[in-house]
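[1] Have a look at this prediction, sequence included:
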Amino acid sequence: SGWWNLYRSSGGETKALYPMDAEFGDPQWVFGQSTYGVLDSATLIATFSKDGQTHLGKLAIASGAWSAIDVPHTSIGSIQIAGDRLVYMGGSAERSSELLSYDLESNALEVVAQSSREGIDARYISRAEAITYPSANGRGAYAFYYAPVNPEFAGPQDAKPPLLVLSHGGPTSAADDVLDPRILYWTSRGFAVVDVNYGGSTGYGRTYRNALRGQWGIVDVEDCVYAARYLVDRGDADGERWRRWRLRMCSRPAHRITALRIWRSSRGIRTSLNRAISIRWWVRIPRRRRCTMRGRRFIILTAWIVR
C-alpha cells in the first residue's frame with residue numbers, strides 16, 4: 001500500500017487490519033521501539049502517525065474496528081502494556097516529553113516522569129502550525145511553522161520577522177509539534193521558526209520517505225529552501241532582512257545561528273544549494289563551518305543572498 005499498516009495472517013491469507021494512508025510503524029534504526037501492543041487475544045493498543053501527529057486507540061483484531069483513546073498528546077511512542085495498564089512516552093504543544101501510565105479500565109492518566117520540570121508560561125508558547133507547501137519538481141513538502149510570540153513585546157506593524165529554518169536528523173526521522181524550549185527561545189525573541197519534514201521524513205508514506213534516496217543534500221535542502229520561500233510569499237517572514245542576517249552569520253557560531261541551519265551533508269553541499277535555489281534566490285557559499293549547539297550538529301553556511 002505504500003504505508004506501514006498492521007496486517008493479520010491467518011489460514012494462508014494476509015489482510016490489513018485497518019488499512020489507511022497512515023504509518024503504524026517507525027523506521028527501525030534502534031532496538032526496542034514499539035508502536036503497538038497486545039491487550040488481549042482480540043485487541044491491540046496501537047498508534048498511527050498522520051499529518052505529523054500521532055493517534056492512539058484500540059484496534060479489534062477480528063473486525064478491524066478502531067476506537068480512539070483520548071489523551072492530551074500529539075506525539076506518542078514506546079507503547080508497553082501490563083494487564084489493564086498502558087505505559088507510553090508522550091508530548092504535545094503544551095507538554096514536553098513525559099512518561100505516562102494510562103489505566104485502560106478507568107481511563108485515568110498518570111504522569112510517571114517528566115523530561116523537564118520547568119514550567120513555561122502558556123502566554124510564551126508558540127503553537128506549531130502544520131503546513132504543506134510546494135517544493136521543487138512539483139512535489140509537496142511538510143513542516144511545522146512557529147510564529148513569534150511574546151506577550152510583553154510586539155514588532156513594528158509594518159515589519160515581518162526573520163525566519164529560522166530547522167531540519168531534523170535521521171534522515172528518516174521526523175519533526176513533531178512537541179513543546180521544545182529551544183524553539184521557544186527564538187519565538188519569544190521575535191524570530192519565526194519553521195521545522196521542516198523534508199522528503200525522506202517518516203510519517204508521510206513510502207514514496208515520500210524514499211524521495212531522499214540517492215538525493216542526499218539535494219531534496220532535503222530544496223525542501224528547506226522552499227519552506228522559507230513559501231513563508232516569505234505568505235507574508236510570515238521578512239525575505240529582505242535575510243541579507244543582513246546572513247552577512248553576520250557564524251561570526252559567533254554558538255550564538256548567531258540566525259537565518260538558516262542545514263543538517264550535515266557529507267558531500268556536494270555547494271552544488272546542492274545552487275541546484276536547490278532558483279534564480280530568484282541566488283546563493284554564493286564562500287565557506288562552511290561546523291558548529292555544535294545543544295548536542296545537534298549542523299553545517300552553518302556563510303552566504304550572501306541576492307534577490
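    Thanks, I have the structure now.
[2] where does D236 fall, helix, sheet strand or coil?
    Following DSSP: H, G, I helix; E, B strand; the rest coil, D236 is assigned to coil.
[3] residues near it, how many?
    18 (other CB atoms under 10 Å). Heads up, the C-betas are built off the backbone N, CA and C, glycines and all.
[4] got the contact list for the nearest residue to it once chain neighbours are set aside?
    Excluding the flanking residues, the one nearest D236 by CB to CB, 6 or more residues apart in numbering is A192, at 6.0 Å. Applying CB atoms under 8 Å, 6 or more residues apart in numbering, we find A192 in contact with Y145, Y146, A147, P148, P161, P162, L163, L164, L231, D236, A237.
[5] Of those residues - the most surrounded one?
    Result: A237 is most packed of the contacts of A192 (other CB under 10 Å), 28 neighbours.
[6] got the contact list for stretch 32-52?
    6, 17, 20-26, 54-62, 69, 76-81, 86, 104, 130, 142, 144, 174-177, 197, 202-203.
[7] Now list the buried members of those residues.
    The neighbour count (16 or more other CB atoms under 10 Å) marks 6, 17, 22-26, 54-59, 61, 69, 76-77, 79, 81, 86, 104, 142, 144, 174-177, 197, 202-203 as buried among the contacts of stretch 32-52.
[8] In strands, which of those fall?
    The members of the buried ones among the contacts of stretch 32-52 that map onto strands under DSSP state E are 54-59, 76-77, 79, 81, 86, 142, 144, 197.
[9] JSON lines please, covering the residues you listed and showing distance to T35 and pLDDT.
    Listed next are these as JSON lines, based on distance: CB to CB, whole Å; pLDDT from 0 to 100:
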{"residue": "T54", "distance to T35": "9", "pLDDT": "95"}
{"residue": "H55", "distance to T35": "11", "pLDDT": "96"}
{"residue": "L56", "distance to T35": "10", "pLDDT": "97"}
{"residue": "G57", "distance to T35": "12", "pLDDT": "97"}
{"residue": "K58", "distance to T35": "14", "pLDDT": "96"}
{"residue": "L59", "distance to T35": "11", "pLDDT": "96"}
{"residue": "I76", "distance to T35": "9", "pLDDT": "95"}
{"residue": "G77", "distance to T35": "7", "pLDDT": "93"}
{"residue": "I79", "distance to T35": "6", "pLDDT": "95"}
{"residue": "I81", "distance to T35": "12", "pLDDT": "95"}
{"residue": "L86", "distance to T35": "13", "pLDDT": "96"}
{"residue": "Y142", "distance to T35": "20", "pLDDT": "97"}
{"residue": "F144", "distance to T35": "21", "pLDDT": "97"}
{"residue": "N197", "distance to T35": "18", "pLDDT": "95"}
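[10] right, and the helix or strand after the helix or strand where L164 lies?
    For L164, the enclosing helix or strand under DSSP states H and E is strand 163-167. Following strand 163-167 in sequence order, the next helix or strand is helix 181-187 (DSSP H and E).
[11] Including distance to S96 and pLDDT, could the contacts of A192 go into a markdown table?
    Putting the contacts of A192 into a markdown table (distance: CB to CB, whole Å; pLDDT from 0 to 100) gives the following:
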| residue | distance to S96 | pLDDT |
| --- | --- | --- |
| Y145 | 20 | 97 |
| Y146 | 15 | 97 |
| A147 | 20 | 96 |
| P148 | 20 | 96 |
| P161 | 24 | 93 |
| P162 | 26 | 92 |
| L163 | 24 | 93 |
| L164 | 20 | 93 |
| L231 | 25 | 96 |
| D236 | 25 | 93 |
| A237 | 26 | 92 |
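[12] Quick check: the farthest pair among these?
    Y145 and P162 (13.9 Å; CB to CB).
[13] Contacts for stretch 12-20, please.
    By CB under 8 Å, 6+ apart, stretch 12-20 touches 1, 3, 5-9, 24, 44, 48, 50, 59, 61, 64, 66.
[14] and the end-to-end length of it?
    Chord length of stretch 12-20, first to last residue, is 22 Å (CA to CA, to the nearest Å).
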